[in-house]
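Novice: Using only what follows, build the 3D model:
(2 chains)
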Amino acid sequence: DGGITQSPKYLFRKEGQNVTLSCEQNLNHDAMYWYRQDPGQGLRLIYYSQIVNDFQKGDIAEGYSVSREKKESFPLTVTSAQKNPTAFYLCASSISYGLSEKLFFGSGTQLSVL
Amino acid sequence: DQQVKQNSPSLSVQEGRISILNCDYTNSMFDYFLWYKKYPAEGPTFLISISSIKDKNEDGRFTVFLNKSAKHLSLHIVPSQPGDSAVYFCAASASIYNFNKFYFGSGTKLNVKP
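Specialist: All right, here's what the predicted structure looks like:
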């Protein structure tokens, strides 16, 4: 089955710790995205990547980092610089970077701070 | 500053009746709109879209209406079924942006009662 796999489903972070959220897709999509959802708010864009070895900051990139070494993979690292990391994180992909391409989402990772 | 707003956090409807979910936007440059549906512990899935050159788009039981002058769109579900119970997000994008950037509303939780 083609799709986007996010892991883990739940993740806990200690103070000062970096954690990495995994996102893998087998849809052969070029573009990938990371969104953050907070209660009562819409999804906000953290980072996006058009192609392998390229990525750009979204609206709320501070305290996060990403890599895109393979087409299938777009991991997100939540660094200790992110002071309010508790949120639901969604990875998405689209066939291309082109306008009006609909997004396909993974099932999300809930990150909480211990 | 949210550019896409869903002012009703929840909506309850009787099975077989019409569900109307509303969405307002502030950016007059938005010209492409989508609705996503999200079940608990799953990622959002694409439901229906509409371009600003149209004022209505229909797909089975789902119809989206766009009122550009009022900067308002709505999703109608007729007839509503218990399986439609989910959170619905609207999203908007503008072709003037140089990439596939969507702004999301905060979602409306629909409960369809049997």
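Novice: residues near residue 37, how many?
Specialist: This is for chain A. 21 (other Cβ atoms under 10 Å in any protein chain shown). Just so you know, the C-beta spots here come from the backbone N, C-alpha and C atoms, and that holds for glycine as well.
Novice: you looked at the wrong chain, it should be chain B
Specialist: Residue B:37: 20 neighbours (other Cβ under 10 Å).
Novice: Same check on residue B:46?
Specialist: If you count neighbours by other Cβ under 10 Å, residue B:46 ends up with 14.
Novice: what's the helix or strand for the residue positioned nearest the centre of chain A?
Specialist: Among the residues of chain A, residue A:34 comes closest to the average C-alpha position under Cα atoms, centre = their mean, at 2.9 Å. Secondary structure assignment for residue A:34, by DSSP states H and E: strand A:31-37.
Novice: What strands line up against that strand, and which way round?
Specialist: Using DSSP bridges, strand A:31-37 pairs in its sheet with strand A:43-49 (antiparallel), strand A:87-94 (antiparallel).
Novice: Save those as CSV, and put in mean pLDDT and mean neighbour count too.
Specialist: Listed next are the strands paired with strand A:31-37 as CSV, based on pLDDT from 0 to 100; neighbours: other Cβ atoms under 10 Å in any protein chain shown:
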stretch, mean pLDDT, mean neighbour count
strand A:43-49, 93, 23
strand A:87-94, 94, 23
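Novice: Need these in CSV (columns: distance to residue A:107).
Specialist: Converted to CSV, the strands paired with strand A:31-37 look like this (distance: least, Cβ to Cβ, whole Å):
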stretch, distance to residue A:107
strand A:43-49, 14
strand A:87-94, 8
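Novice: I'd like the mean pLDDT over the strand holding residue A:34, please.
Specialist: In this model, strand A:31-37 has a mean pLDDT of 93.
Novice: That's all I had, so thanks and see you.
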